[in-house]
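Participant: structure for this input, please:
(chains A and B)
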Protein chains: 2
Amino acid sequence: MDEREFDVIVIGAGPAGEVLAGRLADRGHATAIVEAHLVGGECSFYACMPSKALLRPAELLAESRRVPGVRETVSGDLDAGAVLRRRDEVVHDLDDAAQVPWLEQHGITLVRGHGRLAGERRVRVGEEELHARRAVVIATGSDAAMPPIPGLAEAQPWTNRAATTSPTVPSRLLVLGGGVVGVEMAQAYASLGSAVTLVEGGPRVLAREEPFAGEAICAALAEHGVAIHSGVRVTAVARPQPGGAVTLTLDDGRELIGDELLVAAGRRPATGDLGLQTVGLEPGQYLPVDDRMRVPGHDWLYAIGDANRCALLTHMGKYEARVASLVIDGDETARMTQSGPRSPRVIFTDPQVAAVGLTEAGAREAGLAVRTVSVATDATAGASFVGRSTGGTSQLVVDSTRDVVVGATFVGYEVGEWLQAATIAVVGEVPIERLWDCVPAFPTRSEVWLRLLEAYEAG
Amino acid sequence: MDEREFDVIVIGAGPAGEVLAGRLADRGHATAIVEAHLVGGECSFYACMPSKALLRPAELLAESRRVPGVRETVSGDLDAGAVLRRRDEVVHDLDDAAQVPWLEQHGITLVRGHGRLAGERRVRVGEEELHARRAVVIATGSDAAMPPIPGLAEAQPWTNRAATTSPTVPSRLLVLGGGVVGVEMAQAYASLGSAVTLVEGGPRVLAREEPFAGEAICAALAEHGVAIHSGVRVTAVARPQPGGAVTLTLDDGRELIGDELLVAAGRRPATGDLGLQTVGLEPGQYLPVDDRMRVPGHDWLYAIGDANRCALLTHMGKYEARVASLVIDGDETARMTQSGPRSPRVIFTDPQVAAVGLTEAGAREAGLAVRTVSVATDATAGASFVGRSTGGTSQLVVDSTRDVVVGATFVGYEVGEWLQAATIAVVGEVPIERLWDCVPAFPTRSEVWLRLLEAYEAG
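Facilitator: Take a look at the predicted model:
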């Protein structure tokens, strides 16, 4: 068997793995990255990137139709073909040739194939065994979870992969799950012309966010013609003919019919076939890590990105990658201080949802003395210049003992770019009294900060 | 002579005066506000609000033309008539009836007329004299400065007032001055169909901002067909027929001809006819204030907003209003800690310029050990979803002794909403190492922060 030796071996060339490999290679470590599918990973090809490529044009067109002077120039519907072609450009037609040169420039060795641990510091890829002098890093991400519903697997459902890369727009799309993937794809396909029906087993969509966020998105989806069924469970799925119609049977006896079915019911770790058992770890589970990204009990093994479940978000995976790279490079102090459900998150529906830190309920559960203030997202002079009636609510959750913002949620037109200010305020623990000195420029929509501070001051 | 007594008398009902009056009235102080023209002030009727109403539609249309899927729906030019009508809505057809109820709701007494000091704590308005038990606040703002160029005053030039409220679009517009008003109005009128020529006496436009900002705006204006002459002075202005063509003579002998001439050559304080001499102050000057907004030597007299020249920006005037209201209400600790050229500022051209804190040159002048990092504004995955080739540069100025950001400038599409994050980082003095934990969400354009931190880390 062929053998090669490196300082660091990274399994998985998604954003987290790439960032880590690049940083370590730049610091002189001989670094290999093992990838079974596409360099760039789920995010680049099947998740964040294509989904936003599908969502943004409709958002822009809606805004163009709202603003006098522009709306007079607009006629006709979104050009779905052009949107899909641009989406294909964004995902490079599912070819990673554009990503590979970046690895080469950084001197990273790309090993194509499925990597599996073969004992401590050893990774088997096909007929070759790689040895890591310093560290092995698991960055294999996650897959779509498949609920155990009778008939579901046989019905050849879409997951995020097919939904984000479909060359065509189904006439009728069924969406199973009202989380981020579910609501984003429901809106995207509705805007492209599908009749969309979304089924959420829980009482509300976007269950992890503030209730007002889910309500706003439900209302927006309904305006886009999406039929939403919440609080119902799917008891059976049937697709008698391959490529034919799919029928969902609900627990209240109703049936829903579509031409495609998207399963967006959460994620599962892509750790089932990694040889974890060769080092005493259980396959198919999220890998536990400490705040230095190390798997406890294995000082040579790290896990970053979705594989560790700290936060299933590309940006947090990249953040973890930096921490791991510093640790592997010998930094004694580097720590992951941000993680979990408090991480910044943006849902790219129209309106968007942008949130960081704790929800109000989360803050109370954490035992904080909480004061929550909220205002209309368009309660600023700056909102006069974007299309009217876009609506939405903006909210701060304040630890009233310290007068520090511990959570923020914005719902509204293009609020995703507002989030970084809140993230700096929350993570930087900038006190409310100091935030008064952080004057938002007039007439930007960021004056929502002034409204929120005024609401807090008014008690 | 009629007399009335109040706790506080505010002269000038622009944004600063309104905020102050509202806050004090809410805290139980009998408050009068004196206004000679329109409640809402320069900003609401003749500056920020109408200028952005004129600028935003063209920015949105340009973006619509860049994005596949949307551009196919767009045909024809901006509907200038619709833009002007919406602008008229934004300025309420120059009627302040919509603003007055807000004063009434807060129990503020509106006194219409020209207010002048008539000695300590006394304000004369027409035939009435108002007495202030506690404080008089000057919030009269500023007017357009008129350079002493032969023939200029007689040529009936536009100032910001006529430029922002014109019912028609001149065929040829001359703009004198390449500051914020000059570049914003040059772009607005070019987008509405004017042939615009801009003359700047200094070597570059937007002289107070980073050089790359002015260069980007020059390039954008040129793309919009604006002819720019910098480093030349106007020696004479002639308009032989009222309403006829205007001719500018330059110091190099050239002549420029237009149908209207906008003078955008800075501001002067609106303090010339305020009776300041009755309390020993010189009329027509910016009023000096301490960090509690008090005019030195007059413990009852305050000045906020443009009248004090701390920062000629609506949002800073409102900030000063809050400080003054706290001081007048008895707060011993309230201080203006932010002021002057470091204040946050946004120029609403396309691309926008958003800046806070020190420029690189300013930081060096201040004696700081400075490191500057800059990246392309569109060097993020998130930039894939806005129109391509919008360009621009983003920069941080870092005090490298403390590793704290002391200045930020962003140039690019809709970067105005990015500024609040930088303002919180700069004013909150969040150290670079902590900013690494303030993870920007993928794939927002705010990941420019990640690029900037990476550039700083790479040294």
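
Participant: all contacts plus neighbour counts: C-alpha atoms, from now on.
Facilitator: Fine.

Participant: tell me the residue of the stretch 251-400 of chain A that sits nearest chain B?
Facilitator: Among the residues of the stretch 251-400 of chain A, A:His315 lies nearest to chain B; the distance is 5.3 Å by Cα to the nearest Cα.

Participant: who's in contact with that residue?
Facilitator: With Cα atoms under 8 Å, 6 or more residues apart in numbering or on different chains as the criterion, the residues that contact A:His315 are B:439-442.

Participant: next, the angle helix B:48-66 makes with the top helix by length along chain A.
Facilitator: Looking across chain A with DSSP state H, the single longest helix is helix A:48-66. Between helix A:48-66 and helix B:48-66, the angle formed by their directions is 120 degrees, by axes from the mean of the first three to the mean of the last three Cα atoms, to 10 degrees.

Participant: so how far is helix A:48-66 off the chain centroid?
Facilitator: When distances are taken as Cα atoms, centre = their mean, to the nearest Å, helix A:48-66 is centred 17 Å away from the chain's centroid.

Participant: tell me, how many residues neighbour the residue of the stretch 351-459 of chain A found nearest chain B?
Facilitator: Across the stretch 351-459 of chain A, the shortest distance to chain B (Cα to the nearest Cα) belongs to A:Ala421, at 3.6 Å. Close neighbours of A:Ala421, defined as other Cα atoms under 10 Å in any protein chain shown, add up to 24.

Participant: and the closest residue to it other than its chain neighbours, how far from A:Ser142?
Facilitator: By the measure of Cα to Cα, 6 or more residues apart in numbering or on different chains, the closest residue to A:Ala421 outside its immediate chain neighbours is B:Ala421, 3.6 Å from it. Distance, B:Ala421 to A:Ser142, using Cα to Cα, to the nearest Å: 31 Å.

Participant: repeat that for A:Asp251.
Facilitator: Counting by Cα to Cα, the separation of A:Asp251 from A:Ser142 is 29 Å.

Participant: neighbour count winner among those two?
Facilitator: Using other Cα under 10 Å as the criterion, A:Asp251 and A:Ser142 rank with A:Ser142 on top: 20 against 14.

Participant: just to revisit the earlier point, is the longest helix of chain A in proximity to chain B?
Facilitator: Yes - in this structure, helix A:48-66 sits against chain B according to Cα under 8 Å from any Cα of the partner chain; the contacting residues are A:48-49, A:52-53, A:56-58, A:60-61, A:64.

Participant: equivalent analysis for stretch A:368-377, please.
Facilitator: No - using Cα under 8 Å from any Cα, stretch A:368-377 never reaches chain B; the gap is at least 13.4 Å.

Participant: circling back: need the residues of helix A:48-66 next to chain B in TSV with pLDDT, can you?
Facilitator: As requested, those are exported to TSV (pLDDT from 0 to 100):
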residue	pLDDT
A:Cys48	95
A:Met49	96
A:Lys52	98
A:Ala53	98
A:Arg56	97
A:Pro57	98
A:Ala58	97
A:Leu60	97
A:Leu61	98
A:Ser64	97
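
Participant: would you turn those into CSV with neighbour count?
Facilitator: Listed next are the residues of helix A:48-66 next to chain B as CSV, based on neighbours: other Cα atoms under 10 Å in any protein chain shown:
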residue, neighbour count
A:Cys48, 21
A:Met49, 22
A:Lys52, 24
A:Ala53, 26
A:Arg56, 22
A:Pro57, 28
A:Ala58, 25
A:Leu60, 23
A:Leu61, 22
A:Ser64, 25
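
Participant: and the residues you listed, which is closest to B:Val181?
Facilitator: A:Ser64 (25.8 Å; Cα to Cα).

Participant: what's the pLDDT at the residue nearest to A:Ala421?
Facilitator: Looking at B:Ala421, its pLDDT stands at 98.

Participant: my guess is it contacts A:Ile424, does it?
Facilitator: Yes - in this structure, B:Ala421 is within contact of A:Ile424 by Cα atoms under 8 Å, at 6.7 Å.

Participant: still on that earlier bit, show the contacting residues for the residue of the stretch 351-459 of chain A closest to chain B.
Facilitator: Taking Cα under 8 Å, 6+ apart as the criterion, A:Ala421 is in contact with B:418, B:420-422, B:424.

Participant: nearest to A:Val39, of the residues you listed?
Facilitator: Using Cα to Cα, B:Trp418 is the member of those that lies nearest A:Val39, at 30.8 Å.

Participant: that closest one: how many residues sit nearby?
Facilitator: The criterion is other Cα under 10 Å. On that basis, B:Trp418 has 24 neighbouring residues.

Participant: helix, strand or coil: sort out it for me.
Facilitator: Three-state call for B:Trp418 (DSSP: H, G, I helix; E, B strand; the rest coil): helix.

Participant: gap between it and A:Leu274?
Facilitator: 42 Å.

Participant: A:Phe385 is in contact with B:Leu55, isn't it?
Facilitator: No - with contact defined as Cα under 8 Å, A:Phe385 does not reach B:Leu55; the gap is 9.0 Å.

Participant: show me the shaky parts of chain A.
Facilitator: Low-confidence regions of chain A, defined here as pLDDT under 70, cover residues A:389.

Participant: tell me where it has helices.
Facilitator: Listed from the start of the chain, chain A has helices (DSSP H) covering A:15-26, A:41-46, A:48-66, A:80-90, A:100-105, A:160-165, A:180-192, A:211-223, A:314-328, A:360-365, A:419-427, A:432-435, A:448-458.

Participant: with distance to B:Ala216 added, can I get the ones you listed in TSV?
Facilitator: Written out in TSV, the entries for the helices of chain A read as follows (distance: least, Cα to Cα, whole Å):
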stretch	distance to B:Ala216
helix A:15-26	31
helix A:41-46	31
helix A:48-66	24
helix A:80-90	27
helix A:100-105	29
helix A:160-165	36
helix A:180-192	35
helix A:211-223	38
helix A:314-328	30
helix A:360-365	43
helix A:419-427	25
helix A:432-435	31
helix A:448-458	29
